[in-house]
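*Asks:* let me see the structure of the following:
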Amino acid sequence: MPKKIFIKTFGCQMNEYDSDQIANLMNHHKGYQKTENMEDADLVVLNTCSIREKAEDKVYDQLGRIKELKMNKPSMKIAVGGCVASQEGDNIFKRAPYVDIIFGPQTLHRLSSMLEENEKKDQSQIDVSFPAIEKFDHLPNVKVDGYSGNVSIMEGCSKYCSFCVVPYTRGEEVSRPAEDIIEEVIKLTQQGVIEINLLGQNVNAYLYKDKKGFEYDFAELINFISQIDELQRIRFTTSHPNEMNESLINCFRDNKKLANFIHLPIQSGSDQVLAAMKRNYLYLEYKQIIKKLRAASPHILISSDFIVGFPGESDSDHQKTLKAIQEIDFDYSFSFIYSPRPGTPAAYLEDRTDTSVKKLRLKEIQDLIALQGKRHTQNMLNTHQRILVSEQIGVNKYKGRSDNNRIIEIEAPENIINKLINVKIVDVSKKNLTGILN
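*Replies:* Coordinates of the predicted model:
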């Protein structure tokens, strides 16, 4: 009987991608079958994220629950990977000595051999080094089931924002060879994928020179990938304002396969806070980028990230953020209260703002953006949208996702699963919008 692997994923889409790679790797090399029931697993993997508040505590709480399972099943192996593994390192063994393996985001491809060493020597194994993009050369082809697939095009981040732990846990920016990315996309389309989401901590910083000396920036990569006939829609996440150059902006005007939507984190509308965050742009510069994007694609919608209550943030700074939200007219956002990440410069800043004030500011930001998002949804009435149909929900009834991430229901006389179709929006009064075939 094949052994079983259970993977719990914390955090971002990069981690989701890595978890898929881990499952595929262990199946390819060891024959492990994925299970959704932790109690049945022979190998439990926690693929961790260190971005959110109390990330380490959540991992140790989870490990405490897994410990009880291992006491009843001593043969069970426990592995901790991802950014908390990089950040905590040997401390995990000290606090949870029953853990067998610790690996980082850049060494997940070594999990199989680390497991062999653990079983052979009955000793815990750790490898949280940063061997650039070596992992992609050692991973088998990802198998997907569905219309959409993720492709990681680069690793790490070199921005060193004062609040962010990513450069310390995933390393600096390293771009994958363009030809390897193209090959992976082609193999995904051969499995039926028609939508690709290009992933990276700072995806638009992508830069690669091939053997012939041709240099690909992110815009070049998008345009190259779009030439694959079977591919119908391209998305990407997450981007940084400093790399929103003219060629990438022009992609939204010229490349019809690129989704007419962008997630572009701003974090704050206050120049003073942005400087303390080491974001290296002014609000006016961000605003100019948005102006250029809307000139290139008038109907583009924009989402963003906001950190609320950063050390030193005043009421005036908060008001500037609210003003920026209105001026930019964001569609939706990921927003959360600042929490210090160990080892980052901001962790040493004095924070005098009361938690109750931060919660109030967060609510004001979320309420404002929710109001704007609702208006953007209402404005979609009688517009024409393209949706990628993902599911049949009734007799001749389907649903799919638009470029701007709205779920749209539609009736059709024939099977339209996994097809990109054009619809007219006729009802926006329900949670899911309603469309009709053009």
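
*Asks:* what's the longest strand in the chain?
*Replies:* Looking across the chain with DSSP state E, the single longest strand is strand 384-394.

*Asks:* next SSE after the host helix or strand of residue 14?
*Replies:* In the assignment (DSSP states H and E), residue 14 maps to helix 13-30. Sequence-wise, the next helix or strand downstream of helix 13-30 (DSSP H and E) is strand 33-34.

*Asks:* and that next one, what does it pack onto?
*Replies:* Counting contacts by 3 or more C-beta pairs under 8 Å, 6 or more residues apart in numbering; DSSP states H and E, strand 33-34 packs against strand 4-9, helix 13-30. C-beta: built from backbone N, CA, C; applies to glycine.

*Asks:* buried sites along the longest strand of the chain?
*Replies:* 385, 386, 387, 388, 389, 390 (16 or more other C-beta atoms under 10 Å).

*Asks:* next one: stretch 177-190
*Replies:* Neighbour counts over stretch 177-190 (16+ other C-beta under 10 Å) mark 177, 178, 181, 182, 184, 185, 187, 188, 189 as buried.

*Asks:* same check on stretch 145-154?
*Replies:* For stretch 145-154, by 16+ other C-beta under 10 Å, it's 147, 148, 149, 150, 151, 152, 153, 154.

*Asks:* distance from it to the middle of the chain?
*Replies:* Distance of stretch 145-154 from the chain centroid (C-alpha atoms, centre = their mean, to the nearest Å) equals 11 Å.

*Asks:* picking up where we left off before, columns secondary structure on top of the buried residues of stretch 177-190, output as CSV?
*Replies:* Shown next, in CSV, are those (DSSP: H, G, I helix; E, B strand; the rest coil):
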residue, secondary structure
177, coil
178, helix
181, helix
182, helix
184, helix
185, helix
187, helix
188, helix
189, helix
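
*Asks:* with distance to residue 309 and pLDDT as extra columns, can I get those in JSON lines?
*Replies:* As requested, these are exported to JSON lines (distance: C-beta to C-beta, whole Å; pLDDT from 0 to 100):
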{"residue": "177", "distance to residue 309": "41", "pLDDT": "92"}
{"residue": "178", "distance to residue 309": "41", "pLDDT": "93"}
{"residue": "181", "distance to residue 309": "38", "pLDDT": "94"}
{"residue": "182", "distance to residue 309": "43", "pLDDT": "94"}
{"residue": "184", "distance to residue 309": "40", "pLDDT": "92"}
{"residue": "185", "distance to residue 309": "40", "pLDDT": "95"}
{"residue": "187", "distance to residue 309": "45", "pLDDT": "93"}
{"residue": "188", "distance to residue 309": "41", "pLDDT": "94"}
{"residue": "189", "distance to residue 309": "44", "pLDDT": "94"}
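
*Asks:* need these in CSV (columns: distance to residue 96).
*Replies:* Shown next, in CSV, are the buried residues of stretch 177-190 (distance: C-beta to C-beta, whole Å):
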residue, distance to residue 96
177, 38
178, 41
181, 37
182, 41
184, 35
185, 39
187, 38
188, 37
189, 42
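
*Asks:* just those residues now: which is nearest residue 28?
*Replies:* residue 187 (14.2 Å; C-beta to C-beta).

*Asks:* phi, psi of residue 164?
*Replies:* phi -110, psi 140 (degrees, to the nearest 10).

*Asks:* actually, residue 44.
*Replies:* phi -110, psi 130.

*Asks:* what segments of the stretch 51-200 of the chain are strands?
*Replies:* Here the stretch 51-200 of the chain has its strands, by DSSP state E, counting those that start in this stretch, at 77-82, 101-103, 125-127, 148-152, 154-155, 174-175, 195-199.

*Asks:* and residue 57, which of the helices and strands packed on strand 33-34 is closest to it?
*Replies:* strand 4-9 (15.2 Å).

*Asks:* which residues touch the nearest residue to residue 49 once chain neighbours are set aside?
*Replies:* What sits nearest to residue 49 in space, not counting adjacent residues and going by C-beta to C-beta, 6 or more residues apart in numbering, is residue 11, at 2.4 Å. Residues near residue 11 by C-beta atoms under 8 Å, 6 or more residues apart in numbering: 48, 49, 50, 51, 52, 82, 83.

*Asks:* report the contact partners of the fifth one.
*Replies:* It stands for residue 52. Taking C-beta under 8 Å, 6+ apart, one finds 11, 336, 339 in contact with residue 52.

*Asks:* isn't there a strand covering the residue nearest to residue 49?
*Replies:* No. Read with three-state DSSP, residue 11 is coil and lies in no strand.
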